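Enquirer: just to be clear, the model below is a prediction. Sequence and coordinates:
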Amino acid sequence: MPLAAGCPRCPTPVAPLGRDDLYTCPDHGTVAPLWRPEEATYDDFVAHLERGDGLPTYVPWPLGPGWRVTDFGAVASRAAYTCVSGTSELDGPVDVLVVTEETGVGLGARWAGTAYDDPGHEIASAGQPVLKLPVEGQTVRLWSVTSGDGSTNGEWDRSVAVGEAGGRWLWLVIRPASALLMLRDDWRLRDVSRLGPALVELPFGGPRPW
């Protein structure tokens, strides 16, 4: 199925404005659309990479047995995300969602459930980083930020860590919250936008977790 346009900030349906790169959201006005598949497949992932126009698409690596890519999307060349799902011995079913975005897009905040798009002010007062992950040859520090404002059920079920990689915000959203500790065990982030034919080795499928 082709990628479908949506709002990067919320799940509200959007309407085209006569241009492929601009849509209107009833809640957020004119937006650059989030292009997202109904179901994660190899063919749609190739289309996603084309939409990203060279933007990094990070996937937690290595993917262990039974882990698969369950969701992804791109906002032109401004933001991209992937979600991988699997199980861990301690946490059971786990979803790990990774967002890279320029300031002001709002995609990371949507999945994280934060009340703001730019997490810089919270990071500035967060103390020590909660994670240090290898990302394409560099070590990226990520700080824990607050998810939700306490008024919406379900937003306390996740851990959110944010840092900066390649001049863009890098968000990790992990469910359940306890699975954050799993990422300290030899995980890294790999930019699969340059993977070429090796993409066929990535497992896809399963219901979208978000």
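Expert: Thanks, I have it. Residues are numbered from 1 along each chain as shown.

Enquirer: thought Gly52 was touching Arg78?
Expert: No: counting by CB atoms under 8 Å, Gly52 sits too far from Arg78 to count as a contact (9.3 Å). Where you see a C-beta, it was placed from the backbone N, CA and C, and this is true even at glycine.

Enquirer: and the lowest-mean-pLDDT helix or strand in the chain, what's buried?
Expert: Ranked by mean pLDDT, DSSP states H and E, the weakest helix or strand in the chain is helix 120-124, scoring a mean of 83. By neighbour count on 16 or more other CB atoms under 10 Å, the buried set for helix 120-124 is 122-123.

Enquirer: same for it, what does it pack against?
Expert: With contacts defined as 3 or more CB pairs under 8 Å, 6 or more residues apart in numbering; DSSP states H and E, helix 120-124 has no helix or strand neighbours.

Enquirer: bridged to Asn68, which residues?
Expert: Heads up, residue 68 is Arg, not Asn. Ser85 (DSSP bridges).

Enquirer: what is the neighbour count of it?
Expert: Applying other CB atoms under 10 Å, we find 15 residues neighbouring Arg68.

Enquirer: and what of Asp27?
Expert: Here the count is done by other CB under 10 Å, and Asp27 has 11 residues near it.

Enquirer: picking up where we left off before, more neighbours: Gly52 and Arg78, which one.
Expert: Gly52 (22 against 19).

Enquirer: what's near enough to touch the nearest residue to that one once chain neighbours are set aside?
Expert: In space, Gly52 comes closest to Ala74 once its chain neighbours are excluded; the distance is 4.3 Å by CB to CB, 6 or more residues apart in numbering. When contacts are counted by CB atoms under 8 Å, 6 or more residues apart in numbering, Ala74 touches 34-35, 48-49, 51-52, 55, 57, 80-81.

Enquirer: surely Ala74 is in a strand?
Expert: Yes: Ala74: assigned to a strand according to DSSP: H, G, I helix; E, B strand; the rest coil.
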